[in-house]
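Peer 1: Provided below for reference: sequence and predicted model.
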Amino acid sequence: MGDSQRRFRDCLGRFATGVTVVTVEHGGGVHGATVGSFTSVSLDPPLVMVSLDRRSRMCDLLTGASSFGVNILAAHQQDLALHFAGRPLPADTPVAWDPDAAGPRLAGCSAHLDCVPWAAYDGGDHVLHIGQVRTFTTWDAEPLVFHGGAFRLLDTAPGHHAWAGTLDGPADGAWPSGTAALHIPLGH
């Protein structure tokens, strides 16, 4: 990778993302890959997109798959993110799968989407895979976040709001009197 590409990748790394593991069944087994390039595309029909390096094995597997899963990892699942990124768990540490799922679903995620391939588009050195969501499930779990080349945790402490320090918050007089900020602690 050249200096210009490395700097561009570092620039893009300033954008915080969630962390997903895309899973597919193939040849009697389950295959997965850690993917940060995931986004919603449409509500009607429900579509999502994952961007995969065209040289990756997962890109090949997804191209011929009849379905795939997107596991949105929870904050406690850094080890799984690394495992599916090529740093395997110790041999005596099995990957926990949800036995009640219709397809391969990791246990303990904050959300899971079961998808069927909708379309695939050329994206330079990547392929943009669009999936139509058949089913989805969410759980009350903090998400795993990736930013600046490292895993991060969300700061959900009371009083820490997006507008803190902007002079646009309710405490700064920017909102009409009687307007209150809504803070709902996670898990409620």
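Peer 2: In hand now; what should we look at?
Peer 1: how near is residue 117 to residue 85?
Peer 2: 23 Å (C-beta to C-beta, to the nearest Å). To be clear about C-beta, it is placed using only N, CA and C from the backbone, and glycine gets the same treatment.
Peer 1: pull the lengthiest helix in the chain out as PDB, backbone CA atoms only.
Peer 2: The helix that spans the most residues within the chain, counting by DSSP state H, is helix 3-12. Extracted in PDB, the C-alpha atoms of helix 3-12 (Å, rounded to 0.1, in the frame of the first residue of the first chain):
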ATOM      1  CA  ASP A   3       1.600   6.400   1.200                       C
ATOM      2  CA  SER A   4      -1.300   8.100  -0.400                       C
ATOM      3  CA  GLN A   5      -3.600   5.000   0.100                       C
ATOM      4  CA  ARG A   6      -2.400   4.700   3.700                       C
ATOM      5  CA  ARG A   7      -3.200   8.300   4.400                       C
ATOM      6  CA  PHE A   8      -6.600   7.900   2.700                       C
ATOM      7  CA  ARG A   9      -7.400   4.800   4.800                       C
ATOM      8  CA  ASP A  10      -6.300   6.700   8.000                       C
ATOM      9  CA  CYS A  11      -8.600   9.500   7.000                       C
ATOM     10  CA  LEU A  12     -11.500   7.100   6.600                       C
END
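Peer 1: give me the helix or strand of the protein that scores worst on average pLDDT.
Peer 2: None of the helices or strands of the chain scores lower by mean pLDDT, DSSP states H and E than helix 57-63, at a mean of 82.
Peer 1: run a quick neighbour tally on the closest residue to residue 10 other than its chain neighbours.
Peer 2: Counting by C-beta to C-beta, 6 or more residues apart in numbering, residue 10 lies nearest to residue 149, which is 7.9 Å off, once chain neighbours are set aside. By other C-beta atoms under 10 Å, 9 other residues sit near residue 149.
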